[in-house]
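Quick one: sequence plus predicted model below, questions after.
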Amino acid sequence: MSLSRILTLGDSCVSAQFAAAIDPAVNARCIALAASLERLALRGVRDVVPTYNAVTIHFDPLTTDGHALGAALTRLAAAIAETADTDGRTIEIPVNYGGASGPDLAAVAEFAKCSEADVVRLHSDTAYRVYMLGFLPGFAYMGSVDRRIAMPRLETPRMRVAAGSVGIASEQTGIYPCDTPGGWRIIGRTATKVFDATRPEPFLLKAGDRVKFIAA
């Protein structure tokens, strides 16, 4: 699975892109490439962001040449094994499903043509891969949700989703780290803080981790 292309995004950002897919093997190569680049600690590199199928690098154009950085990314990507193994920790997160904590649980059950208990079972049976962080600090995009309960986002997002809310958006699931507008189908809520700026390590989850939801 070779690097697809290097994109220049303005004068201070480049993106190394692999296959256009949401796939664990593709994501593992992105995480491995990001880790390799971070170990180099290149002068002028400000941030390295692995995503589903790409690695985006923000750099200081006054100290770093974007073309040279792109060439370095190509070399690093070629050195990563096809079977890159970047699976991290498995983290269990307790969830209160349904009721006031999960206002969309009934709708997901109707969508799946099953009981609310079945939705809880299907959602909590899977150990989800953390593909990337984005949208909000600590918001982990995880997959893949069982297709039977993979309900699309709300047509009109809510103006406020409570911190700790656990949602579904098609084959993705995630935890809202703070009160915010949002359009995912909320099926439960956890007291676990996925982001806390007062902790030495603010982010609970990292790309490559696994998350197992436990019905509280």
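Great, that's in hand.

where do the strands sit along the protein?
Per DSSP state E, the chain carries strands over the ranges 5-8, 13-17, 45-50, 54-59, 90-97, 127-133, 140-143, 158-161, 165-169, 172-175, 180-182, 185-189, 210-215.

CSV for the ones you listed, including distance to residue 106 and mean neighbour count?
Where C-beta positions appear, they are placed from N, C-alpha and C, glycine not excepted. Shown next, in CSV, are those (distance: least, C-beta to C-beta, whole Å; neighbours: other C-beta atoms under 10 Å):
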stretch, distance to residue 106, mean neighbour count
strand 5-8, 43, 14
strand 13-17, 40, 20
strand 45-50, 36, 17
strand 54-59, 37, 22
strand 90-97, 11, 17
strand 127-133, 22, 21
strand 140-143, 23, 23
strand 158-161, 16, 14
strand 165-169, 13, 24
strand 172-175, 18, 25
strand 180-182, 18, 17
strand 185-189, 9, 26
strand 210-215, 16, 17
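
Out of these, flag the one nearest residue 149.
Nearest to residue 149, of all the strands of the chain, is strand 165-169, at 6.5 Å by C-beta to C-beta.

neighbouring strands for the closest one, and are they parallel or not?
Applying DSSP bridges, strand 165-169 is found paired with strand 172-175 (antiparallel), strand 185-189 (antiparallel).

Take the ones you listed and write them to JSON lines, including mean pLDDT and distance to residue 138.
As requested, these are exported to JSON lines (pLDDT from 0 to 100; distance: least, C-beta to C-beta, whole Å):
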{"stretch": "strand 172-175", "mean pLDDT": "98", "distance to residue 138": "8"}
{"stretch": "strand 185-189", "mean pLDDT": "98", "distance to residue 138": "15"}
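
Now distance to residue 19 too, for the ones you listed, in a markdown table please.
Listed next are these as a markdown table, based on distance: least, C-beta to C-beta, whole Å:
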| stretch | distance to residue 19 |
| --- | --- |
| strand 172-175 | 18 |
| strand 185-189 | 28 |
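
now for those, which one comes closest to residue 92?
Closest to residue 92 of the strands paired with strand 165-169 is strand 172-175 (C-beta to C-beta; 12.9 Å).

Name the spans of the chain whose pLDDT lies under the cut-off.
Within the chain, the segments meeting pLDDT under 70 span 1-2, 81-87.

Give me the outermost residue of it relative to its centroid.
For the chain, the residue at maximal distance from the C-alpha centroid (C-alpha atoms, centre = their mean) is residue 62, at 31.1 Å.

of all the strands paired with strand 165-169, which lies closest to residue 47?
Checking these against residue 47 by C-beta to C-beta gives strand 172-175 as the closest, at 21.3 Å.

Would you mind pulling the contact partners of the closest one?
Strand 172-175 has contacts (C-beta atoms under 8 Å, 6 or more residues apart in numbering) with 93, 123, 128, 139-145, 164-167, 184, 190, 192, 194.
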